[in-house]
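Enquirer: got a sequence here, can you build the structure:
(4 chains)
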Amino acid sequence: MLKYTLIPLLPLLSFIINILFGRNFIKDKAHWIAVPAVAGSFILAVSAFMDVTAGNVVNINIYDWIVSGDFHVSIGFLIDQLTSIMLIVVTSISTLIFIYSIGYMHGDGGYYRFFAYLSLFVFSMLMLVMANNFLLLYFGWEAVGLCSYFLIGFWFHKKSAADAGKKAFIVNRFGDFGFGLGVILIFLTYGSIDYVQVFSNAGSVVGQTINILGTDYDLITVICLLLFCGAVGKSAQLPLHVWLPDAMEGPTPVSALIHAATMVTAGVFMVARCNPLFNLSHTAMNTVAIVGGLTAIFAATIGLVQNDIKRVIAYSTVSQLGYMFLALGVGAYSAGIFHLYTHAYFKALLFLGSGSVIHALHDEQNMQKMGGLKKYMPITYAVFIIATLSITGIPGLAGFFSKDEILYRAYLGGDTGKFLWLLGTVAALLTSFYSWRLIFLTFHGKFRGTHEQEHHLHESPKVITVPLMFLAVGAIFAGYVGIPPLLMEHGDRIGEFLAPVLGHPHSEGSHAEEMMVMAGSVLVALGGWFIAYRMYIKSPELPKKVGEMFKPVYNLLFNKYYVDELYSKTLVQPVIKASDKVVLGFIDIKIIEGIVNGVPALIGAFSRKFRQVQTGHLSNYGLAMALGALAIIGYMIFMK
Amino acid sequence: MVPLSWYIVLSAIVFSIGVFGFLARRNLIIVFMSLELMLNSVNISLAAFSHYLQSMRGQILVFFIITVAAAEAAIGLAILIAFYRNNPTIKVDEINLLKG
Amino acid sequence: MENIILNQLSYPILTYTVFLPVAGALLLLFMRNAGLIRVTTLLTTVATFVISLPLLTNFDKTTYKMQFVERHEWIPSWGINYFIGIDGISVLFIFLTTMLSVLSVLVSWKAIENKAKEFHTAVLALEAGMLGVFVALDFFLFYIFWEAMLIPMFLLIGVWGGPQRVYAAIKFFLYTLVGSVLMLVGIVVLYFTAGGTLDILTLSSLQYPLQLQFWLFLAFFAAFAVKVPMFPFHTWLPDAHTEAPTAGSVILAGVLLKMGAYGFLRFSMPMFPDATRMFVKPIFILSVIGIIYGALVCLAQKDLKRLIAYSSVSHMGFVTLGIFALNAQGVEGGILQMVNHGIVTGALFLMIGMIYERTHTRVIADYGGFATVVPWYAGLFIILTFASIGLPGTNGFIGEFLILFGAFKAQKLYGVLAATGVILGAGYMLWLYQKVFWQTPDPDYGPSGRHPVRDLDLREVVTLAPLIILIFWIGFYPNVLLSYMHASVEHLLQDVNMSAYAGKETLIAQLKEIF
Amino acid sequence: MTIQQAFFSYFAGAIVALSLLVVTRKNPVHSVLWMLLLFVHIASLYLFLNAEFLAAIQIIIYAGAILVLFLFVIMLLNLRKEETEKRFQGQWPFGLAIGVVLAVFVVLIVGKIGVLPELGQYSVEAVKSEGHIMTVGKVLYTEFLLPFEIASVILLVAIVGAVVLAKRSLE
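Expert: Numbering: from 1, shown residues only, chains lettered A, B, ... in the order given. Alright, predicted model coming up:
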C-alpha cells in the first residue's frame, strides 16, 4: 500500500521541497531533487505494473475525503491494467523529459520553479490516472490544468505566455464545467462515485430519462456527454481546441510532457475508463467518434500551412488526439489507449527534437527561417526522421501499429465507421504531408536564418540528446506490443492485457479488409511524403504558387478557421463589454445604486421643501400653537 | 355677590388680549409682557376658584406661577440681552435663526 | 429543556470567550503608549482564541443539541434570559471569528498610526459583538449583539477608512439598520405570538400559521439578505470593503457577511419551515443572479478591493444557494463555504492591505509584473487565487462542490446555472492575477527603483500562514470541519422538511390564501 | 347690581382697558407703565377674593421686581428707533381673530360648567379666624413642601442662568 501511495507522493515531495526552498537554497540544483523523485516513481510504477500483470488489481481507500449526508468519497487508488499502462507512460516519459530539462532549462532564472511545477504536474497526473473514483479523478484533472497554467505561463513576463496560460485554464474550465456536472449526476444516478460500484451498476439505469428544460433525454447519454465535455476541453477537441496551440508559449519540455504525451491524453484515458458507461449509449459513442474524426482532419488541415515549428506539432497533437477519440468512439478502446501510448513516445520525441532545434537557433521557432540543419544536428535530424516515420505510419514503427488498428476498427464500424475511416485516412495523408514538410523546411535546403545564428549552430549537449535517443527507441519499438493478428498470432498483447478493463472490440472483419485498410494507410503515408517532397525539395517555389492559387483557402487555414476570432467576437468581448457597460455600468450603478441613493435623495428633497414650514419666526410658531389649542378646545366644546 | 363666571370671563378676556399681544407685536419685550399678561389672567381665575371652592390650592398654584413667571422673565430677558449683543434687533419678525 | 446540554466544562467558557475582548477593551482605556496598546490587543485576541479552542476539542459531535449552555435569568418580568450556547452550526464561526480577530490585529500593526487606542478598542468591541451574535440563544441578547456589532464596524470604516469613508460607513450602517429594524418587528411579533418568550430554542420548536410564517420570514429575510448580501441588496458591500481599513475588510468579509446566512440557518429555517420551502425558488433565483452578476461585475472592475468585494457577492450567492437547497450536502457545503470564504477572502484582503501599504494604490492597472518584484507575495497570492476559484485540493473546491451538488440535487437548472459562475470565477481571478503579477514590472517598484517594494516580512508571513495552512487542510481533509456539522444539519433539515403543511398542494393553497 | 358687582365691574373694565393699552402701546416704556397700573388693579381684585397675601405678593413681585426688570432691559437696550417703526407684524389680524375666538370659546365653556366639586375646609370665616398668611403658610409648608423646595431650586437655576447668559463672556 505504501508503495502505491509513494508513486504520486514522491513527485509531490519534490514539489514541496523545491517550491519552499528552491528560491533561497536549492536554486540550480533543483534537478537533484526532482529527477530522483520522478525516477523513483517510475521504478515503483514498473513494480506496480508487474503486480498487475501478476493479476493483482489494487483498489485501496486511503482515507475519507468528503463525507456529507449520503455523499461519501474517499481518497483512494485503483491500479488495474489501464492505470498501470498509464503509470508507465507518464513516469517513463516524465523521467526522460526531466533529464532533458536539465540541459534545456539550464541557466533559466526560474530553474527551481520549473522543476517544482513539473513535479507538481507529475503528482497531479498520477493522481488522475490512479484515482479510484470520479471526484479524485476530477481533482487530478483540475490539478494538471493548474500545472499547465503555471507552465504555459512560465515565462510570465511575456504577455503572450501570460495570456496563453490564462486561456488554457479558462477554456478547460468550460469543459470541466460539464465534467463536474457529470460527476454529480453520476452520484445522483448510482448513489456512488466509486469506479467499481458505478461500473458494476452501469446497466441498471438503462432506459431512464432525465428532464432538461422540459425535454426528456436518455440519462446515460447525458452523463456520458457531460463527461465527454471534460475530455473535449482537456484533450483539445473541437470546439475547445483553441488553447492547445497557444499553449506552445510554454517551454518545450512542457509542450512535450504536458501538451503532447500526458495531460492532453487525460480525456482519452477518462473516456476509456468510463467505457462501461459509454458502451450503453450509442449517441454518446457516435458523438465521441465524430468529434474525434472531425478534429483529426480539422487540426491536420491547419497544420498544413503553419510556420511555427511547435505549432505544427501542436496541431498534429490535436489531430492525433482526434484519432484516439475516433477509436474510442467506435468502441476500440484498447486501440485508443494503444495509440495514446505510442503517440506519447513519438510526439514527445518530436517536441523535444524541435526543442533541440529551437535551442540551437536561440529561440527561433519560425520554420521559414530554418533549413539545412541536418548537417549541423545529425542526432536531432535522425530522431526527427524516426518520429516522423512513426507518426506517418510507416510499417515497422510504433505509429503504424496503433494507427492501423484505429483505422481498421473504424472501417468495421458500419456506415458511420466507413465515413470515419475516410476521415482518418485523409487525415493520415495530411499528417504525412505536414510532418514531412516540417522535416524538409527545417533540415533540408539552405539555412535561411541570420549569419549570427548560422555561426552558432551546433548539436545539442548529451543531456538533451540522450533522452531523445531513448524516446526514439520507444518510437520505434513501442508498437510491438500490439501487432495485429493478421501479422502475428496473439501479437496484440496490449489489447489482451487491457481486455479486463476495456473489453474486446465488438466486430471482426476479414483478413482481406484488414489488408486493404493497412495498404491504404501505408499508401497515404507515402503519398504525403511524395507531395511534400515535390513541393519542398524538388520545386521550392511551388508552395507559394499553390498558396496564391487557393488564396481564400490558404488564409482560412493559416488563420485557423478564424475560431479564435469567432470566440473573441461572439463570446469573450461581448461578455466583457456587457459586464462593464450593462451589468456594472447600468444595472449596478444606474439601477441598484440609483434606487439605493435615490430613495434617500428623494426623502432629502422632500425634507428640503418641507422644512421651510419652519420659518424661524417665533410668532408663526405661536400662531400654530394657538391654532392647535383652538382646535382642541373647539373639539371639546362642539364635538363632545 | 359677584358670580364666579364673571371672574372667569374677565380672565378669558385678559388672556385673549395676551394672546393677541403675543401673536401680533413685533417688539420682543412686549411679547414677553403679553406672556406675563396671560399668566396673570390665569392667576385671576385660579384665585377666584380658590375663593369660591373654599380651597387653598388655587392660591398655592398662584404662588408657584408667580415664581415661575419671575424665573421666566429673568431668563427670557437674559437671553434677550445675550441675543441682542450678537444681533442688534429685538423685532420678532427679524429673528429667524431656526429657519429650516 | 431537553434540547440543551449544560456547560460540560467547569468554567463558563462561552462567557469568557465573549467577554474577554470587552475586558481587554476596558484595559486599553487606561493606556497611552501605542505599542503597549497593540501588544495588549494582540494578547487579548490571542487569549480569546486560545480560550475558545476547548470549544472545538470538547465539542460533542454526535448530538445536535446546544452545548456549553449557560442560562441565567436576566429580566424575568419580560421573560428575558442570559442564555448562550453553541451547536454544530455556530461552533465553526466562533473559531473563525477568534482567529480572524488575531490576524486583523496583526495586519494593523503598522497600518494604523492614527488613534491607535480607539482603533483597537473598536476591534475588540467588534470581536465581542460578533462572538455574542453566534452564541446568543435569546432574541433579546441576540439583537443587542447584532446591533452592537454595527457600531464599531461603523467607526472602523468611518474613521480609519479611505477617502470616501463617511459615505461608505453611513451607507453600510443605514442599509443594515433598515434590514434589522424589520427583523426587530418580527421578533416583537414572535414574542407576542409565543406568549412572552424570547427563547430562541422554544420559539424554534413552535409552529406558526403559514400566513404569519410568510410575513415573519420576509421580515427576517430583510435583515439577513442585506447582511449576506444577496443580490440586489449588495451595493453597500463594495463601498464598505473598499473604504474600510484592512482589518475592517477582513472582519467584514470573514465574519460579518456570515451573519446573514447564519441567521437563515438559526432562525428563518427552523422557525418558519413552511415559509422557507415556499421561498426556495425565489432565493435560488436571487442566488444564481448574485453568483453570475457578481462575477460579471468583477470582470469589469479596475480596483483591487472592489473586485474582491464583488467576488464576495458571487461567493455568498453560492452560500445561500447551498443553504436553501435544503439537503445535507447543500447546507453543509454552504456552511463550509462560509468558513472558506472567511479564510480565503479574509486572506485576500489581508494581502491587498499589505501591498497597499507599500504601493499606496489599489488600481489594478498600476500593478504588473509583481511576481518578479515580490515573489513570495505572488506565491501566496496564487494559492488564494486558486482557492477562490475553487480548485480541488483547496478548501474552495469542497464548499463549491458540495453546494453545486446540493443545488443540482434540489433543482437541476439552478445547479447548472450556478456552475457557470465557476467558469467566470476563474476568468476574473486569473485576469486579476495576470494584471497584477505577470508581465513586466514597472521599474519604479524594483529594488533599485524610486519606490522599491519589499517582499513579505516575518510578521506578515505569520499573519497569512494559518490561513494558507487551513486552505490546504480543509481542501484535503474537509471532514475536520464537516464532522462538526453533521448532527446539527441533519436535525435542522428534519425540522425544515417535516412540518404541519407538508405537501406541495397544501402549500399552494395556503399561498393563495395569503394573497 | 350690588355694590360689590359695581366695584368688580369697574376693576374688570379697567383691567381689560389697561391690558389693551399694554399690548397696543408703541413705546415699551409706556406699556410697562400701563402694566404697572394693571397689576395694581389685579391686586385689588385679589383683595375682593379674600387673598390679602396674594395681593401683597402681586404688588411686590410683579410690580416691584418683574416690571422693574423689564424697565431695566428696555433702558439697557436703548431702543430709540423702535418708536418710529411699525408696532404690529404682518400676521396681527390672525392674532386678533384667534384672541377673539379664544375668548368666545372660554365664555362658551363657562356656560357649560355644571356641577362644582365639594367645598373645601377653607371657608372665608375659617381663613379669617386664623389669618390668611397663616393659612397659606400651613398649606405651603406641609402639603406642598416638595414643590415649594423645587420652586426654590428653579429660582436658583434661573438666577444662575440669567447671570451666565447675560455676562459678556464666561472667562
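Enquirer: what's the local residue count around the nearest residue to residue A:261 once chain neighbours are set aside?
Expert: Closest residue to residue A:261 in three dimensions, ignoring its sequence neighbours and counting by C-beta to C-beta, 6 or more residues apart in numbering or on different chains: residue A:344, at 4.0 Å. Placement of C-beta: from N, CA and C, glycine included. The local packing count at residue A:344 equals 27, with neighbours defined by other C-beta atoms under 10 Å in any protein chain shown.
Enquirer: give the helix, strand or coil label for residue A:344.
Expert: The three-state assignment at residue A:344 reads helix, by DSSP: H, G, I helix; E, B strand; the rest coil.
Enquirer: does it touch residue A:268 like I think?
Expert: No - look at residue A:344 against residue A:268 with C-beta atoms under 8 Å: they stay out of range, at 10.7 Å.
Enquirer: spell out which residues of chain D are next to chain A.
Expert: Within chain D, the positions lying close to chain A (C-beta under 8 Å from any C-beta of the partner chain) are D:89, D:91, D:94-95, D:98, D:101-102, D:105-106, D:108-109, D:112.
Enquirer: how about 7 Å then?
Expert: Applying C-beta under 7 Å from any C-beta of the partner chain, we find that chain D lies next to chain A at D:89, D:91, D:94, D:98, D:101-102, D:105, D:108-109.
Enquirer: from the residues you listed, list the ones also adjacent to chain B.
Expert: Applying C-beta under 7 Å from any C-beta to these, those adjacent to chain B are D:89, D:91, D:94, D:98, D:102.
Enquirer: now the third one: closest residue in space, sequence neighbours ignored.
Expert: In space, and not counting its chain neighbours, residue D:94 is closest to residue A:623: 5.9 Å by C-beta to C-beta, 6+ apart.
Enquirer: about what we covered before: double-check the residue nearest to residue A:261 against residue A:259; I have them as touching.
Expert: No - using C-beta atoms under 7 Å as the test, residue A:344 is too far from residue A:259 to be in contact (11.8 Å).
Enquirer: break chain D into its domains for me.
Expert: Chain D breaks down by automatic domain parsing into domains covering D:1-84, D:120-171.
Enquirer: now the last one: mean pLDDT?
Expert: Taken as a whole, domain D:120-171 carries a mean pLDDT of 87.
Enquirer: how distant is that domain from the center of its chain?
Expert: On the basis of C-alpha atoms, centre = their mean, to the nearest Å, domain D:120-171 is displaced by 16 Å from the centre of the chain it belongs to.
Enquirer: which of the residues of chain D next to chain A count as buried?
Expert: Burial of the residues of chain D next to chain A was assessed by neighbour count (16 or more other C-beta atoms under 10 Å in any protein chain shown); the buried members are D:89, D:91, D:94, D:98, D:101-102, D:105.
Enquirer: got TSV for these, with distance to residue B:54 and secondary structure too?
Expert: What follows is these, written out as TSV (distance: C-beta to C-beta, whole Å; DSSP: H, G, I helix; E, B strand; the rest coil):
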residue	distance to residue B:54	secondary structure
D:89	44	coil
D:91	43	coil
D:94	41	helix
D:98	35	helix
D:101	33	helix
D:102	29	helix
D:105	28	helix
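Enquirer: tell me the gap between stretch A:435-444 and the middle of its chain.
Expert: 26 Å.
Enquirer: one more: stretch A:541-557?
Expert: The offset between the C-alpha centroid of stretch A:541-557 and the centroid of the whole chain comes to 31 Å, using C-alpha atoms, centre = their mean.
Enquirer: please see if whichever strand or helix holds residue C:297 touches chain A.
Expert: Secondary-structure element containing residue C:297, defined by DSSP states H and E: helix C:273-299. Yes - contact of helix C:273-299 with chain A (C-beta under 7 Å from any C-beta) involves C:293, C:296-297, C:299.
Enquirer: quick one on the thing from earlier: out of the domains of chain D, deepest packed?
Expert: domain D:1-84 (a mean of 18; mean count of other C-beta atoms under 10 Å in any protein chain shown).
Enquirer: in the stretch 301-450 of chain C, which residue sits closest to chain D?
Expert: Among the residues of the stretch 301-450 of chain C, residue C:360 lies closest to chain D, at 44.9 Å counting by C-beta to the nearest C-beta.
Enquirer: and for that residue, the neighbour number?
Expert: Using other C-beta under 10 Å as the criterion, the residues surrounding residue C:360 number 9.
Enquirer: quick one, phi/psi of residue C:198?
Expert: The phi and psi values for residue C:198, taken as degrees, to the nearest 10, are phi -120, psi 10.
Enquirer: for it, which non-adjacent residue is spatially closest?
Expert: Nearest-residue entry for residue C:198: residue C:139, 4.1 Å, with adjacent residues in sequence omitted and distances by C-beta to C-beta, 6+ apart.
Enquirer: got the contact list for that neighbour?
Expert: Residue C:139 sits next to C:187, C:198, C:200 when contact means C-beta atoms under 7 Å, 6 or more residues apart in numbering or on different chains.
Enquirer: check what pLDDT the residue nearest to residue A:261 gets.
Expert: For residue A:344, the model assigns a pLDDT of 87.
Enquirer: partner strands of the helix or strand hosting residue A:60, parallel or antiparallel?
Expert: Assigned by DSSP H and E, residue A:60 belongs to strand A:58-68. Paired strands of strand A:58-68, with direction, are strand A:71-79 (antiparallel) (DSSP bridges).
Enquirer: other residues contacting the strand it pairs with?
Expert: A:4, A:48, A:52, A:57-66, A:130-133, A:135-136, A:187, A:193, A:195, C:329, C:405.
Enquirer: likewise for stretch C:342-355?
Expert: Surrounding stretch C:342-355, the residues in contact under the criterion C-beta under 7 Å, 6+ apart are C:96, C:100, C:103, C:107, C:111, C:246, C:249-250, C:253-255, C:258, C:304-305, C:308, C:312, C:377, C:380-381, C:384, C:387-388, C:395-396, C:456, C:460, C:463-464, C:467, C:470-471.
Enquirer: for that stretch, C-alpha coordinates in CSV please.
Expert: Backbone C-alpha positions of stretch C:342-355 (Å, rounded to 0.1, in the frame of the first residue of the first chain) are rendered in CSV as follows:
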residue,chain,number,x,y,z
GLY,C,342,-13.9,33.8,5.5
ILE,C,343,-10.5,32.3,5.2
VAL,C,344,-9.8,33.0,1.5
THR,C,345,-11.4,36.4,1.1
GLY,C,346,-10.1,37.4,4.5
ALA,C,347,-6.6,36.4,3.4
LEU,C,348,-7.1,38.2,0.1
PHE,C,349,-8.0,41.4,1.9
LEU,C,350,-5.0,40.9,4.2
MET,C,351,-2.7,40.6,1.2
ILE,C,352,-4.2,43.6,-0.6
GLY,C,353,-3.8,45.6,2.6
MET,C,354,-0.1,44.6,2.7
ILE,C,355,0.6,45.6,-0.8
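Enquirer: how distant is that stretch from the center of its chain?
Expert: Per C-alpha atoms, centre = their mean, the centroid offset for stretch C:342-355 relative to its chain is 14 Å.
Enquirer: which residues in chain D form helices?
Expert: D:3-24, D:28-48, D:52-57, D:67-77, D:92-112, D:124-130, D:132-142, D:145-166 (DSSP state H).
Enquirer: also the stretch 501-640 of chain A?
Expert: A:511-533, A:542-549, A:551-558, A:563-567, A:573-577, A:593-610, A:618-634 (DSSP state H, counting those that start in this stretch).
Enquirer: do the fifth one and chain C meet?
Expert: Read that as helix A:573-577. Yes - taking C-beta under 7 Å from any C-beta as the criterion, helix A:573-577 and chain C are in contact, through A:575-576.
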